[in-house]
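1. Would you be able to build a 3D model of this:
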Amino acid sequence: VETVGGAHAGLRYSWRDLDRASAMMANLLDSFKLPAGSRIAVQVEKSVEALILYLATLRAGHVFLPLNTAYQAGEIEYFIGNAEPAVVVCSKANFGWVSKIAFKAGTRHVYTLDDDRSGTLLDRAAHHSDVHTPAVRRADDLAVIIYTSGTTGRSKGAMLSHVNMLSNAQVLQEYWGWQPDDVLIHALPIFHVHGLFVSIHGALINGSPMLWLNRFDPRAVVELFPRATVFMGVPTLYVRMLAEPGLTRQQVAHMRLFVSGSAPLLIETFDDWKARTGHTILERYGMSETVMITSNPYVADDRHGGQSERRGGTVGFVLPGIELRVVDDANQPLPAGEIGGIQVRGPNVFKGYWR
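-> This next block holds a predicted model:
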């Protein structure tokens, strides 16, 4: 991982660095003598250290619970009360009110972590060994809880297992044609599925370097394209990059794949990007409860007569190994062309909602 932009630009983390740093954090978590599968709630700004905390949580056999940095006291009180995390990690600026909520809810360990590589979490972890044997967990054990917009009432915690995430990463690695020399530009937040799982898991499982931006900067990303091959973003990021004069066909000549998701990509943005860069954005579809479900093809999809066209305004075909059907209000399958509810089955489907 190489950091880009900000006060700590140009930092390079090798695989060994990630291994050692996550081992130290995992050993810190082990020192708390928590039951296996304890929740570790995290509301911090994006940083490589926050990524390392995610890896450390899984190494130690616990459940990672990322929280949107925009959440305020009322929301945090609900999430902490609902999830009952054993550990809460927050920014130094929020420690006063977050710790008050957490201690009141029964959380015993509250630490800080900021995007400038500071905080009590790193201070404490520095005293621990950089060698750690990962906890043994079963494939269907809980790995992450992602709070998602409530279909009814308050937000619900979608419970994702290790196999949910691993199976999806393996499918996308093949379906999107990840290459040995791929380099990912990571400019998304890491408190949701797109930034934390689809992007990071793709790079990690492929052994690919990441060019890491703590905050999206359209000009900085455009300047990075000659050094990278893969970019994943939400539609707004593509709109903002189209406003950059430096976005030319020559600038993106080294790029292999542009992926869009998390919100519908307007056909105008799809067409403008293709006209400007020569690249066709690959749009896909998923949700917190399932990770990725469908995708436009990267290359010809033999399951669909060799179809290879990426169509704007669509989210493509169901991914290999996943079943999808559209049903009416009585749960009866509908014929092609009809509008109804989506039902999904496969190793990617979550374990249910927390409590």
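2. just checking, next helix/strand downstream of the lengthiest helix in the chain?
-> In the chain, with assignment by DSSP state H, the single longest helix is helix 15-31. Sequence-wise, the next helix or strand beyond helix 15-31 is strand 39-43, with elements assigned using DSSP states H and E.
3. Contacts for that next one next, please.
-> Residues outside strand 39-43 that contact it (CB atoms under 8 Å, 6 or more residues apart in numbering): 29, 50, 53-54, 57, 62-69, 71, 76, 79-80, 83-91, 94, 98, 102, 107, 113, 145, 191. Every residue, glycine included, has its C-beta placed from N, CA and C.
4. hmm, 6 Å instead?
-> 57, 62-67, 83, 85, 87-90 (CB atoms under 6 Å, 6 or more residues apart in numbering).
5. okay, those in TSV with distance to A41 next?
-> Rendered in TSV, the data for the contacts of strand 39-43 read as follows (distance: CB to CB, whole Å):
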residue	distance to A41
T57	10
H62	11
V63	9
F64	9
L65	4
P66	8
L67	6
A83	6
P85	4
V87	7
V88	5
V89	7
C90	9
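6. For those, pick the one with the most neighbours.
-> Using other CB atoms under 10 Å as the contact criterion, the top neighbour count among the contacts of strand 39-43 goes to V88, which has 29 neighbours.
7. is that one in a bridge, and if so with what?
-> Beta-bridge pairing for V88 (DSSP bridges): A41, V110.
8. which residues touch stretch 223-238?
-> In contact with stretch 223-238 (CB under 6 Å, 6+ apart) are residues 182-185, 199, 211, 216, 251-252, 254-260, 262-263, 265, 269, 273.
9. again, but for stretch 51-71
-> Counting by CB under 6 Å, 6+ apart, stretch 51-71 makes contact with 21-22, 25-26, 29-30, 36-43, 79, 83, 134-135, 137, 142, 144-145, 191, all of which sit outside it.
10. so R20 makes contact with H132?
-> No: using CB atoms under 6 Å, R20 is not in contact with H132; the gap is 9.1 Å.
11. more crowded one of the two?
-> For R20 versus H132, the count of surrounding residues by other CB under 10 Å is larger for H132: 21 against 16.
12. Which phi and psi values does F64 adopt?
-> phi -80, psi 130 (degrees, to the nearest 10).
13. how much space between it and T133?
-> For F64, the distance to T133 (CB to CB, to the nearest Å) stands at 19 Å.
14. Brilliant, that's me finished.
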